[in-house]
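compute the structure for the input listed below.
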Amino acid sequence: MKNVFDILSERGFIEQVTHEEELREQLGKESTTFYIGFDATADSLHVGHFVQIMVMSHMQKAGHRPIALIGGGTTMVGDPSGKTDMRKMLTIEEIQANGEAFKKQFSKFLDFSEGKALMVNNADWLLNLEYIPFLREIGVHFTVNRMLSAEAFKSRMDRGLSFIEFNYMIMQAYDFLQLHRRVDCKLQMGGNDQWSNIIAGVDLCRRVDSATVYGMTFKLLTTSEGIKMGKTESGAIWLDPEKTSPYDFYQYWRNVNDADVKNCLSLLTFLPMEEVNKLGGLEGSEINKAKEILAFEVTRLVHGEEEAKKAEVAAKLLFGDFSGDADVPSSELSSKELGEGLDIISLLQKTQLISSRGEGRRLIQQGGIYINDQRVEDIYQNITLEDFADNSLMIRKGKKIYHKVILI
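Numbers count the residues shown, from 1 in each chain. All right, here's what the predicted structure looks like:
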């Protein structure tokens, strides 16, 4: 069986590793418990987290045991990594609610049956720490000079670094020590922006317990220009279908730049690398086929097969390249009825998507009507011939109701 280290390397996940040869040998000889931490700063995981979930899944498929560590304690301090300003302080109740939402989402991707994976919360050991004993046992192993050289802190020196944030690295390192002591965790993994925190944890375990442990970072999800992916004008791309609909999720991947297709297929799907290389090498209009496969595969993993198929059909109808039968209702509109333009509410009534003009106004004001994937902002918007492509347009009501209008 192929060593999972080589699988992760081949697919382009690995950025930095402590003790590379030792770790590769460790992963090849026995089941290894490892962890990735997720601070509960929002009520859903997002696309950036999905890279980490894919790593955990690859590791679990290879027989290793993941720990999804929810940062109930560290979230109360806030990670300064990659931030130019201090993070917003959340209440204990907000953090607990976010952590519960994370638990449900992790369960979709990892097998948490007996012995297969663990989900823990660092609030269990961080919130009841006694300050002086903690400083004497743990703080003594950290030098301020070394901490200030870490990228997470260096980038904040000009704008100011609060004392509470300065503790974050020590707390994350302490997480690793606790997990090693409690469940024999030997590896901490995380995004490349966590390198300083991870090596601090490896160093602490080795100093305090003489433990043989390792650290690995993997690449952040970025475009070929180095810009973080997973953001749109309307905000982050979330894994929660209530925050980002399966259709919008599908469309995000369908519209990635040509240069990013191979990287996304490699990191965000389980397609064999032979197929990834073949699809990633397509050029011109052919690359659209690869984008459709990417969008379908990632949406299927996150939202399930049924939602992925619905999103695929809706997208093909919208862009006029669907040739098969689709379970999407449609209606005809004559050129005479359209005339110089038809107001949006009248169109919604003709398609029977609303029962009254009042309902139409409410839906539009609440942001629930889209024409060709563009949200309708104005209750008086006029629909004209320009809105039709190949004599059709797509109306979306809410997250899941689609209706095709055919101009005759």
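
helix, strand, or coil at Val405?
strand (DSSP: H, G, I helix; E, B strand; the rest coil).

what is it paired to in the beta sheet?
Taking DSSP bridges as the rule, Val405 bridges to Ser331, Leu393.

my read: it touches Leu353, true?
No. Contact between Val405 and Leu353 fails when scored by CB atoms under 8 Å: they sit 10.2 Å apart. The way it works is simple: take the backbone N, C-alpha and C, and place the C-beta from them, glycine included.

identify the contacts common to those two.
Ile395 (CB atoms under 8 Å, 6 or more residues apart in numbering).

which residues sit in contact with the residue nearest the centre of the chain?
Central residue of the chain (CA atoms, centre = their mean): Val47, 1.7 Å from the mean position. Val47 is in contact with 221, 229-230, 236-239, 252, counting by CB under 8 Å, 6+ apart.

and it, how far from Val302?
Computed as CB to CB, to the nearest Å, the Val47 to Val302 distance reads 9 Å.

so what sits against both of those two?
What both Val47 and Val302 touch, as defined by CB under 8 Å, 6+ apart, is the set Leu239.

min pLDDT across the contacts of Val47, which one?
Within the contacts of Val47, pLDDT reaches its minimum at Gly230, with 81.

what's that residue sitting at in phi/psi?
For Gly230, the backbone dihedrals are phi 100, psi 10 (criterion: degrees, to the nearest 10).

where does the stretch 51-200 of the chain dip in pLDDT?
In the predicted model, the stretch 51-200 of the chain carries pLDDT under 70 at residues 78-88, 151-160.

distance of the nearest residue to Lys397 once chain neighbours are set aside from Ile401?
Closest residue to Lys397 apart from its sequence neighbours, by CB to CB, 6 or more residues apart in numbering: Leu353 at 5.2 Å. Relative to Ile401, Leu353 is positioned 7 Å away (CB to CB).

can you check Gly339 too?
26 Å.

now swap in Asn121 and tell me
Distance from Asn121 to Ile401, by CB to CB: 38 Å.

tell me which of these two has more neighbours.
Of the pair Asn121 and Ile401, Asn121 is the one with more neighbours under other CB atoms under 10 Å, namely 21 against 12.

quick check: that one touching Leu69?
Yes. Counting by CB under 8 Å, Asn121 touches Leu69, with 7.5 Å between them.

before we move on, back to that, any common contacting residues for Leu353 and Ile401?
Common neighbours of Leu353 and Ile401 (CB under 8 Å, 6+ apart) do not exist.

tell me which other helices or strands the one helix or strand Glu93 maps to touches.
Here Glu93, judged by DSSP states H and E, is contained in helix 92-109. Helices and strands touching helix 92-109, by 3 or more CB pairs under 8 Å, 6 or more residues apart in numbering; DSSP states H and E, are helix 47-61, strand 65-70, strand 118-121.

distance between it and the chain's centre?
Chain-centre distance of helix 92-109: 14 Å, with CA atoms, centre = their mean, to the nearest Å.

and what of stretch 248-256?
13 Å.

contact partners of that stretch?
Residues contacting stretch 248-256 (CB under 8 Å, 6+ apart): 47, 223, 229, 232, 237, 241, 244, 264, 268, 291-292, 294-296, 298-299, 302-303, 308, 311-312, 315, 373.

again, but for stretch 294-312
50, 108-109, 239, 241, 246-247, 249-254, 256, 261, 264-265, 268-271, 279, 292, 315, 400.

list buried residues within those.
Burial by neighbour count, 16 or more other CB atoms under 10 Å: within these this picks out 50, 109, 239, 241, 246-247, 249-254, 256, 261, 264-265, 268-269, 271, 279, 292, 315.
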